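Enquirer: pasting a predicted model and its sequence here:
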Amino acid sequence: MSTEQDYDCVVIGAGVQGSFTAYQLAKHNKKTLLLEQFILPHTRGSSHGQTRIIRKAYEQDIYTQMMGESYQLWAQLEKEAGVTLYRQTGLLVMGPETSGEYPLVKNTLLKNKVPTVILNRDNFHQHIPNVVLSEGHGALLDETAGVLFADRALKAVQHQFQKLGGVIRDNEKVTEIKPGPVVKVTTSGGAYQARNVVITAGPWTNKFLAHTGIQLPLETVKINVCYWKEKIPGTYGVKQRFPCFVVTGSLESKEHIYGLPSNEYPDLVKICYHMGSKADPDYRDLQTDTSDIDILKRYVSRCIPGLVPEPAVVESCMYTLTPDRHFVLDYHPNYSNIVIGAGFSGHGFKFGPVIGKLLCELSLGEVPSFDLSPFKIRRFQSEMKSAL
Ligand SMILES: Cc1cc2nc3c(=O)[nH]c(=O)nc-3n(C[C@H](O)[C@H](O)[C@H](O)COP(=O)(O)OP(=O)(O)OC[C@H]3O[C@@H](n4cnc5c(N)ncnc54)[C@H](O)[C@@H]3O)c2cc1C
Ligand SMILES: O=C(O)[C@@H]1CCCCN1
């Protein structure tokens, strides 16, 4: 007699993407198991922390359009769970006015009729005091943008999943997966089988996919999450209506600098560099490169003069980058009952609800609600390696 427990679907990894996928599957009355290697909640992956930016400001229409649905699904979860997960603050986008990402973002916002205020040098200070707009930079406000309460959101979606009858087993690392019409999944604590599996293993994706014979061109990097002290408490706070901000293609580098207003940590503004140094997620803290913090110190001294230009708190988080920074939302190339959601490249949290819906649709064999061609694995054909 088999000792394995049967499920319609097993979701591997309880970060934001796995949790929303499991929740969607349970909503579709699928008997679903969500497996997580660590005791929940944990701070080792990509989904922990107080806050994330939510925005429609993107270069590509597809993301702006997906966000239309994501906002609705976030609001639905807030209603179902009876919690607040979103605070509207607006997002200030600054960057070289006529080159790089800024004009593309501006164009997408206007084309998709997202409520947007274009600022100019004359009215910038009226809207955004205490920030220096760099020479040659344009500035706009995506008014729909704001802050998501990340830890609270994860707790809420996992709780709703359980209320729908879903099962979470944490402290269970998946150690083996045997593909087939019924997939056998072995963990440090048990054995399960399911008709469908969804892999949402964040920075551990390639370690995990090695069990299934493929490797994706993913790079895992450690991000130093820096918080900067206000010289006068509240200067850049939500009460002053200070927005989130992104600097595209700054003088210092092509990579973004971004920030969120002070609130969750009183008097501390979160400002980070949108890139880090290569790190193995199992040895994250051995990566001690701080060249990103040096870039941030220079930026803060020059452009955010009301902050002490030395971080007061530094936390860690992981990005899983694809070469083009677009997500992977697709079937496993060799097994049609295994779906992969990965490579969220440092911008996936805000999409959690819609990604959960899309991965659920793929897993159920339904036509996905959005055209997923930008997210297909075959775009990496020349970069793919076999794990065998
Ligand atoms: C500093 C930082 C700032 C960011 N800012 C933003 C932002 O402002 N807005 C935004 O939208 N996005 C942002 N992001 C990106 C966003 O947070 C990520 O895209 C998202 O959290 C990725 O979620 P995930 O579920 O794919 O990965 P994870 O959260 O890492 O989840 C994967 C899970 O799988 C588990 N797992 C792995 N292997 C196994 C196994 N073998 N068995 C069982 N479990 C396993 C892991 O333990 C982990 O819990 C940011 C990310 C970082 C790091
Ligand atoms: O996804 C986001 O909205 C942010 C933008 C800046 C970099 C980090 N991620």
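Expert: Thanks, I have it. What you are looking at is a predicted structure, and each value in this text was computed from that prediction instead of being measured. Ligands and ions are numbered 1, 2, ... in the order given.
Enquirer: and the contacts of stretch 324-335?
Expert: With Cβ atoms under 8 Å, 6 or more residues apart in numbering as the test, stretch 324-335 has contacts from 179, 183, 199, 212-214, 216, 322, 338-348, 351, 355, 358-359, 362, 368, 372, 374-379. Using the backbone N, CA and C atoms, a C-beta is placed for each residue, glycine as well.
Enquirer: I meant to write stretch 77-89 there.
Expert: 54, 74-75, 143-149, 152-153, 156-157, 159-160, 238, 241-244, 260-261, 263, 353.
Enquirer: so which of these also contact ligand 1?
Expert: On the criterion Cβ under 6 Å from any ligand atom, none of the entries of the contacts of stretch 77-89 sits beside ligand 1.
Enquirer: may I have the distance across stretch 94-107, first residue to last?
Expert: Taking Cα to Cα, to the nearest Å, stretch 94-107 runs 14 Å from one end to the other.
Enquirer: just the buried positions in that stretch, please.
Expert: M94, G95, P96, E101, Y102, P103, V105, K106 (16 or more other Cβ atoms under 10 Å).
Enquirer: stretch 110-118 too?
Expert: V114, T116.
Enquirer: tell me the mean pLDDT for that stretch?
Expert: Averaged across stretch 110-118, the pLDDT comes to 98.
Enquirer: any idea how far apart the tips of that stretch sit?
Expert: Note: stretch 110-118 ends 10 Å apart using Cα to Cα.
Enquirer: show residues contacting that stretch.
Expert: 56-57, 61, 64-65, 106, 108-109, 127, 138-144.
Enquirer: tell me the gap between it and the middle of its chain.
Expert: 23 Å (Cα atoms, centre = their mean, to the nearest Å).
Enquirer: now the buried members of the contacts of stretch 77-89.
Expert: Here, 16+ other Cβ under 10 Å leaves 54, 74, 143-149, 153, 156-157, 159-160, 238, 242-244, 260-261, 263, 353 buried among these.
Enquirer: of these, which belong to strands?
Expert: I54, G146, V147, L148, F149, C244, L260 (DSSP state E).
Enquirer: three-state assignment of the closest residue to V167 other than its chain neighbours?
Expert: Of all residues not flanking V167 in the chain, L33 sits nearest, at 5.0 Å (Cβ to Cβ, 6 or more residues apart in numbering). Of the three states, L33 takes strand according to DSSP: H, G, I helix; E, B strand; the rest coil.
Enquirer: by proximity to ligand 1, which residue of the stretch 151-300 of the chain wins?
Expert: In the stretch 151-300 of the chain, the residue that lies nearest ligand 1 is G202 (2.3 Å; Cβ to the nearest ligand atom).
Enquirer: is it true that that residue touches G15?
Expert: Yes: taking contacts as Cβ atoms under 8 Å, G202 lies within contact range of G15: 4.9 Å.
Enquirer: now the common contact residues for the two.
Expert: G45, S46, S47.
Enquirer: tell me, which of those make contact with ligand 1?
Expert: Within the shared contacts of G202 and G15, those near ligand 1 by Cβ under 6 Å from any ligand atom are G45, S46, S47.
Enquirer: for the closest residue to T116 other than its chain neighbours, give me its contacts.
Expert: Nearest-residue entry for T116: L109, 4.5 Å, with adjacent residues in sequence omitted and distances by Cβ to Cβ, 6+ apart. By Cβ under 8 Å, 6+ apart, L109 lies in contact with K56, A57, T64, T116, L140, D142.
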